[in-house]
Structures are given as structure tokens and as C-alpha cells.
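**Student:** fold the following and give me the result.
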Amino acid sequence: MTGRGSAIPKYRFYLDFPEQWDDVFSYMDNAVTQWCQRLNNTFLVVLDQLVTFGTSIEVGVVISFFFFYLGLDSLVIAASSVMMALVVVTQVPKRFLWRRRPHVAGRAKMLYDGTLTSSFPSRAVTCCVVYLYLLSGILEILSRPEKDPVAPFRLLWSPAFILFTIWAVVWTSIARIGVGVHYASDCIAGVVQAGIVCYIAETTYYIIVNACCQGAAPFHADRALLLHHINWPGLAIATITGVVAVFVLESDLVQYWSKAHFVLGLLYPVLCGLFLFCCGYHQLPRANMYNIDIHQFLLATAVPLLLLVVGRNCLPHSSGKTAAASFLLLHVTGMIVIMWHRLFHDSII
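**Tutor:** This is a model prediction of the structure:
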């Protein structure tokens, strides 16, 4: 049964998925699709909904905001390095290489409303691997002595972790193939893409640590001095750059990514805070991760989730201008919230 997705994209400047590649993968793709779609339909739909939620870009953005709000800067560097690489790398093939979804091409039955984006590669599989990679880095950092706030970011190459990653990738792939929105070759490409993202993320992490954070004062609680030394010109330039970027990315001509306004709207305050206020001598105060109470954890979760819901569902983004305005509102609100908390809340050292 052919789905209701689009057979051709609604934007310009793209390449069709090469037919030669499709011919090479067709036997494997068709066989795996037929096997996956033999599973119970309700099970596949529920599994896919869980996978879609857990592997969304929004999850990583919320996690980055969460860490920065709490003042856990070593974890912010890890999460923001991953998210910068993930956002940049994964959207390029999605935007410029068009492959019809299996249910659109008539090669799979559609179990629920299809999506209008390209199927290649599977971003869900990519995010599955990358988020587990980030989790391993977080555990690595948390296991290090408190006196080393900016610990190296490493993947835990334990057999148990590798097996768990493989298990998660297999079930993520089964879910996406089973509901008719991906081919097996999309999922394999998603794993390859994840490797590229992880390599760039780890390289970025070390660049930030070595160029920005080494030799800097680990804590600075003189709030009056911090307010005096805030890099207002740098913040203004960064904000203008973000507004222009979102305007271009969501303009009618480019149509690069419809999520840019709220994804960057939540990620940008974290990046600005990291590079402008957490490097050098005059740093924002940090938190002791072992002394944060449950109320702060709940608040740090609720704030980015609220901004995400507003940005995704309430703010207009039908054109480049409205998307840029929505981004600016989210960015400024996010900066005010996290800066106020970092500077004046008693839980921050």
C-alpha cells in the first residue's frame, strides 16, 4: 500500500538517490522489510513511537540546556560538542539527497501517516548510536575526581556497552523499517553517519577543552565582577549571526530545515554561554554536581521542555522572517533564564 508521503520534495536544489545504489541494496532492503513487517502492527507502531521520541534531535538539545542550567560545565562541553556535530552532519544528506520512503515507493505498507522528508540515511539510528556515545562520555566524566571538572571525553569500549549499542541499533532499525519509513540500507548508513558524528564530536570536545578551558580559573563567584566583564559585543555578534543563519535556513529559497528555529533557539544559548561566559578568567559560577537537590533537577528539566514546546508548537515559522523572530525570542529567553540562575541561585557555587 502506498503511503501519503510526497514522491518528490517540495524544495529546490537536491539530488535524487542514485538508481544504481538502489539496485545494489534492493534485494537486502526488500527482504528485511518483508521480515520486519510480519511482526505485530501494534507492537511496531508503539516501538516506533518510543524510538522516535528517544532518538529525536530535541532530546539532545534539552540535555545540553539541562546541564548548562545546573552549572555542570564539563558535561555541557560533552553534550554541546555532540549536538553541534549531530545538527550539522545529519541534516546535509536529509536536505540534499532525496530518497523516497518505502511506503511512498510502494515497497512497504504504511502503518501510520508517513513523513515528508528523505529516508536516507536513518537519523533515528544515527541518534541512537550518538546518544549512547554521549551517555558513555557522561559516565566517564562523572566517574572522574571532582577536582578534574573538564575530563577527557571517551567512549567506554567495554563488551557490555558494545553489545547494548548493537541491541539498541537492531531494535531501532526494526521499528523504523517495520512501519515503512526506512530501508535496511538507510539504517546501515545511519550507523556510518553516527561514526562520523562521534569522530567530529570528540575532536570538537578536545578543541574546546584545550583551546578554551585549560588554564582557566575553575570557579569564580564574584557576581558583580562577572556582570562587569560580560562580553556584550560578543553576545550581540553571536545573536545576530544566529538570527541571520535561521533566516537563511528557513527561507523559502533554501528551505534547509524547518526545525532550525527551535532547535537552534535552545542550543544557541548554551553555545553562547559556553564560549562567552565559561572560558577565560571571568567565568560563570559552576555547581557541585553532588550537591544539587531534586528541585533543581526538576526545574532544569521543566525549563527547556517548556521552551521546546512553545518553540515547536506555538511560535510561527512559515517564512525566514518569522522563523528568525521565533529563534530570537527563544534565544533571548533562554539566555536570560540560564544566566539568571547561574549568577544568582544559591545552588551555584
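**Student:** where in the stretch 101-250 of the chain is pLDDT low?
**Tutor:** For the stretch 101-250 of the chain, the stretches with pLDDT under 70 are 113-115, 144-157, 211-230.
**Student:** which stretches in it count as strands?
**Tutor:** Assigned strands in the stretch 101-250 of the chain: none (criterion: DSSP state E, counting those that start in this stretch).
**Student:** which stretches in it count as helices?
**Tutor:** In the stretch 101-250 of the chain, the helices defined using DSSP state H, counting those that start in this stretch lie at 102-105, 123-142, 159-178, 184-208, 223-228, 232-249.
**Student:** which of those helices sits closest to residue 50?
**Tutor:** Among those, helix 159-178 comes nearest to residue 50, with 7.7 Å by CB to CB. Every C-beta, even on glycine, is put in place using the N, C-alpha and C of the backbone.
**Student:** got a list of what the residue nearest the centre of the chain touches?
**Tutor:** Centroid-nearest residue in the chain: residue 57, 3.7 Å away (criterion: CA atoms, centre = their mean). Listed by CB atoms under 8 Å, 6 or more residues apart in numbering, the contact set of residue 57 reads 86-87, 90, 123, 127, 259, 263.
**Student:** want to throw those into JSON lines with distance to residue 64 and neighbour count?
**Tutor:** As requested, the contacts of residue 57 are exported to JSON lines (distance: CB to CB, whole Å; neighbours: other CB atoms under 10 Å):
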{"residue": "86", "distance to residue 64": "11", "neighbour count": "25"}
{"residue": "87", "distance to residue 64": "11", "neighbour count": "19"}
{"residue": "90", "distance to residue 64": "16", "neighbour count": "23"}
{"residue": "123", "distance to residue 64": "18", "neighbour count": "27"}
{"residue": "127", "distance to residue 64": "14", "neighbour count": "26"}
{"residue": "259", "distance to residue 64": "15", "neighbour count": "21"}
{"residue": "263", "distance to residue 64": "11", "neighbour count": "25"}
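**Student:** helices - which of those residues land there?
**Tutor:** Under the assignment DSSP state H, those contribute 86-87, 90, 123, 127, 263 to helices.
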